[in-house]
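**Student:** Requesting a structural model of the entry that follows:
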Amino acid sequence: MRNLKWNLFWILAGVFALMLKTFLGNGSNWVEQWYSRGLYVGVRYFFDLLSWIPFPLMYLFWIVVFWAAWRKVQSWRRGGFKVGQFALGTCSFIGALLFFFFVLWGFNYSRLPIEQQLGLALKPLNKTELEEAFKKETSNLIALRAKIPKAQNRALRRTDFPEKLETTLREGLETWLAAHQFPTAGKVRGRLLYPAGVFLRFSTAGLYFPYTGEGHVDPGLHPLQWPFTLTHELGHGYGFGDEGTCNFLALLACDGSKDVAIRYSGRLNYWRTLAAQYRRYDPDAFRATRDQLPLTIQYDLDAVNEALLRFPDLIPDLQPRIYNAYLKSQGIAEGVLNYDRVVMLAEAYEKVKSEK
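**Tutor:** Numbers count the residues shown, from 1 in each chain. Model (predicted):
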């Protein structure tokens, strides 16, 4: 009877959390004030109690899950398998996962959009605007790369970036967030999750795991992508669910770094996003620009692409379909295309800065 009550409790808790998220919708002032700037601050301080552990907590999470599953299998061997108990226990487990997902992080999907808080007017770029942005970014990229003289005959390597990369990136992101009156409670950790390819083989580069409060990056990525991707995941940790917003935060945090390699890395990732959109409009013009880039930038782009090709998808198109459905279930109507929202955010932000 006691197990039955607990199972029903977690089922109801999960249903309640899911219904509350649905009721709140997106762009909720209540969520912004009472959760993202309230309860979630406490969640971040709670996770700080475990931030000293020198390895990703996700390993411990899955060890506990598999240990509990093994104990359950052992109990079935002794007492027999009962379909009703299995179904109830499974629903209870899913309910608990849903409840803690939303309480520990998921309600951030409902907070006020960052453009509303920064006073930005977003609009899609037409072909002419996209072409202008791409050309401007290409010029910026060339100028930044020229400021790294120690790597003129090769692609950048891990040794070209600060030794304490995680700390440097976290401090840069916290500086930008604090300057714009966003909470920076706790010390969000950004980890490399081994083995290499654990994310890349499923069409993703990193993951923020709400149950441990840590961001993770696939070590199979070329180090040129680490600063931007790691800062993106740290952005999730500081309470932002929207993918385009976290790309935007990663770009601006990298821009503010004193380290030119980090600034270049952030802009290189943004250039690749612009390039992917521009190439859809005019593939020939894109190819001409790509071929005329300085050799140093071509080395970097080739190195990034070669690293990605080392880990082809195990099941092509599966992850994008699943993640697309997941994002839509959280109220992000454009699904995985939300990642490209960084272009509208970045261009609107630059416009506001230029008008001041």
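**Student:** C-alpha only now, for contacts and for neighbours.
**Tutor:** Fine.
**Student:** quick one: the strands in the protein?
**Tutor:** Using DSSP state E, the strands of the chain run over 189-192, 206-209, 214-217.
**Student:** Next one: P312, what pLDDT does it get?
**Tutor:** Listed pLDDT for P312 reads 88.
**Student:** ok, the residue lying closest to it once chain neighbours are set aside - contacts?
**Tutor:** Among residues not flanking P312 along the chain, R201 sits closest, at 5.6 Å (Cα to Cα, 6 or more residues apart in numbering). For R201, the contact set (Cα atoms under 8 Å, 6 or more residues apart in numbering) comprises F311, P312, D313, L314, I315.
**Student:** Among those, which one lies nearest to L4?
**Tutor:** Set against L4, the nearest of the contacts of R201 by Cα to Cα is I315 (38.6 Å).
**Student:** and among the strands of the chain, the most buried is which?
**Tutor:** For the strands of the chain, ranked by mean neighbour count under the definition mean count of other Cα atoms under 10 Å, the leader is strand 214-217 at a mean of 26.
**Student:** helices or strands up against that strand?
**Tutor:** Contacts defined by 3 or more Cα pairs under 8 Å, 6 or more residues apart in numbering; DSSP states H and E place strand 214-217 against strand 189-192, strand 206-209, helix 226-237.
**Student:** so can I have JSON lines of those showing distance to A303 and mean pLDDT?
**Tutor:** As requested, the helices and strands packed on strand 214-217 are exported to JSON lines (distance: least, Cα to Cα, whole Å; pLDDT from 0 to 100):
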{"stretch": "strand 189-192", "distance to A303": "19", "mean pLDDT": "97"}
{"stretch": "strand 206-209", "distance to A303": "19", "mean pLDDT": "96"}
{"stretch": "helix 226-237", "distance to A303": "13", "mean pLDDT": "97"}
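**Student:** mind giving me a markdown table with those and columns for distance to N108?
**Tutor:** Listed next are the helices and strands packed on strand 214-217 as a markdown table, based on distance: least, Cα to Cα, whole Å:
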| stretch | distance to N108 |
| --- | --- |
| strand 189-192 | 18 |
| strand 206-209 | 13 |
| helix 226-237 | 9 |
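**Student:** who wins for proximity to T168 among these?
**Tutor:** Of all the helices and strands packed on strand 214-217, helix 226-237 comes closest under Cα to Cα, at 9.4 Å.
**Student:** just the CA coordinates of that closest one, formatted as CSV?
**Tutor:** Output of helix 226-237 as CSV, limited to C-alpha atoms (Å, rounded to 0.1, in the frame of the first residue of the first chain):
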residue,chain,number,x,y,z
TRP,A,226,34.5,24.5,-27.6
PRO,A,227,34.2,28.1,-26.4
PHE,A,228,31.0,28.9,-28.3
THR,A,229,29.4,25.5,-27.6
LEU,A,230,30.4,25.4,-23.9
THR,A,231,29.1,28.9,-23.3
HIS,A,232,25.9,28.0,-25.1
GLU,A,233,25.4,25.2,-22.5
LEU,A,234,26.3,27.5,-19.7
GLY,A,235,23.6,29.8,-20.9
HIS,A,236,21.1,27.0,-20.4
GLY,A,237,22.5,26.6,-16.9
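**Student:** Pull the distance from that helix to the chain's centre.
**Tutor:** Using Cα atoms, centre = their mean, to the nearest Å, the mean C-alpha position of helix 226-237 is found 6 Å from that of the whole chain.
**Student:** Low-confidence stretches in the stretch 201-350 of the chain?
**Tutor:** 315-339 (pLDDT under 70).
**Student:** quick one: the helices in it?
**Tutor:** In the stretch 201-350 of the chain, the helices defined using DSSP state H, counting those that start in this stretch lie at 226-237, 243-255, 260-281, 283-292, 295-309, 318-329, 341-355.
**Student:** List the buried residues for the last one?
**Tutor:** The neighbour-count check on helix 341-355 (16 or more other Cα atoms under 10 Å) flags R341, V342, V343, M344, L345, A346, E347, A348, Y349 as buried.
**Student:** For it, which helices and strands make contact with it?
**Tutor:** Helix 341-355 is packed against helix 243-255, with contacts defined by 3+ Cα pairs under 8 Å, 6+ apart.
**Student:** next one: the third one
**Tutor:** Counting contacts by 3+ Cα pairs under 8 Å, 6+ apart, the secondary-structure elements packed against helix 260-281 are helix 127-145, helix 226-237, helix 243-255, helix 283-292.
**Student:** Repeat the analysis, applying 10 Å as the threshold.
**Tutor:** When contacts are defined as 3 or more Cα pairs under 10 Å, 6 or more residues apart in numbering; DSSP states H and E, helix 260-281 packs onto helix 127-145, helix 165-179, helix 226-237, helix 243-255, helix 283-292, helix 295-309, helix 341-355.
**Student:** Who are the packing partners of the longest one?
**Tutor:** In this case it means helix 127-145. Under the contact definition 3+ Cα pairs under 10 Å, 6+ apart, helix 127-145 sits against helix 260-281, helix 283-292, helix 295-309, helix 341-355.
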